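Visitor: Just need the structure, nothing else, for what follows:
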Amino acid sequence: MIKGKADSHNQRKTMKYSLCLTYISLSSLFLFLFPCFAGPSLVRHSCRKAAKSDPEISYNFCVTSLRSNPKSNKANLEQLGLISIELAITNATYVSSKIKRILKSGNFDSFAKSCLRDCLELYTNAVPDLKAAVKDFKRKDYNGANSEISSALDASVTCEDGFKEKKGELRPLKKENKVFFQLNAIALAFTTMFG
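Guide: Predicted structure coming up:
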């Protein structure tokens, strides 16, 4: 009976030792591999995944945009998701300012001015939507974040469509609408990776 207890004790000891070694091995492997999945490599990998998930997303634009924020160099996937939304907020603010400058110039007819005022309202409203998306994302409410980002994304589409209503109308925000659309599509792709 004593021999059976000793064997059982040795088996438990061996099992604990094996589990400990397995844990240490897996931890070491993770620490070894982690640098491969951080920073610039993670940006490229995530942008590749985003571009595959949505044909509207340009891989090169995604990488360039995310790398424009120095924090992306050491960011994990969740931080890249937040960076993508923050880039969209910054861009919406920039486009709103640009529209105000264009309106002040007075170089457009009444139709174009009306479109520009509509666009200004759309981009101005996109900022609080995107700020709400950041809060949702931080709370891990990825469906809520997706909804807010989708709402903001519509600003670029609706703005561009307004100018298209009049044949031959100059579209002074074509480039800005395209950039804002891309930034929001990227942010959507990132939130989808979590949701």
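
Visitor: Name the residues of stretch 60-71 that come out as buried.
Guide: Residues of stretch 60-71 classed as buried under the neighbour-count rule (16 or more other Cβ atoms under 10 Å) are 61-63, 65-67, 69. Using the backbone N, CA and C atoms, a C-beta is placed for each residue, glycine as well.

Visitor: CA atoms of whichever strand or helix holds residue 155 as CSV?
Guide: Here residue 155 is covered by helix 142-164, with elements defined by DSSP states H and E. Only the C-alpha atoms of helix 142-164 are listed here, as CSV (Å, rounded to 0.1, in the frame of the first residue of the first chain):
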residue,chain,number,x,y,z
TYR,A,142,-17.7,46.1,-31.5
ASN,A,143,-21.2,46.0,-33.0
GLY,A,144,-21.8,49.4,-31.6
ALA,A,145,-18.5,50.7,-33.0
ASN,A,146,-19.3,49.2,-36.4
SER,A,147,-22.7,51.0,-36.4
GLU,A,148,-21.1,54.3,-35.5
ILE,A,149,-18.4,54.0,-38.1
SER,A,150,-20.9,52.9,-40.8
SER,A,151,-22.9,56.0,-40.0
ALA,A,152,-19.8,58.2,-40.4
LEU,A,153,-18.7,56.5,-43.6
ASP,A,154,-22.0,57.5,-45.2
ALA,A,155,-20.9,61.2,-45.0
SER,A,156,-18.4,60.7,-47.8
VAL,A,157,-20.8,58.8,-50.0
THR,A,158,-23.7,61.2,-49.4
CYS,A,159,-21.5,64.2,-50.0
GLU,A,160,-20.1,62.9,-53.2
ASP,A,161,-23.6,61.8,-54.4
GLY,A,162,-24.9,65.4,-53.9
PHE,A,163,-22.5,66.8,-56.4
LYS,A,164,-23.3,64.1,-58.9
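
Visitor: helices or strands next to that helix in the packing?
Guide: Using 3 or more Cβ pairs under 8 Å, 6 or more residues apart in numbering; DSSP states H and E as the contact test, the elements touching helix 142-164 are helix 77-105, helix 110-138, helix 174-194.

Visitor: which one of these is the most hemmed in?
Guide: With neighbours defined by mean count of other Cβ atoms under 10 Å, none of the helices and strands packed on helix 142-164 is more surrounded on average than helix 174-194, at a mean of 22.

Visitor: Show the pLDDT at the residue lying closest to residue 81 once chain neighbours are set aside.
Guide: The shortest distance from residue 81 to any non-neighbouring residue, by Cβ to Cβ, 6 or more residues apart in numbering, is to residue 190 (3.9 Å). Model confidence at residue 190, expressed as pLDDT, equals 96.
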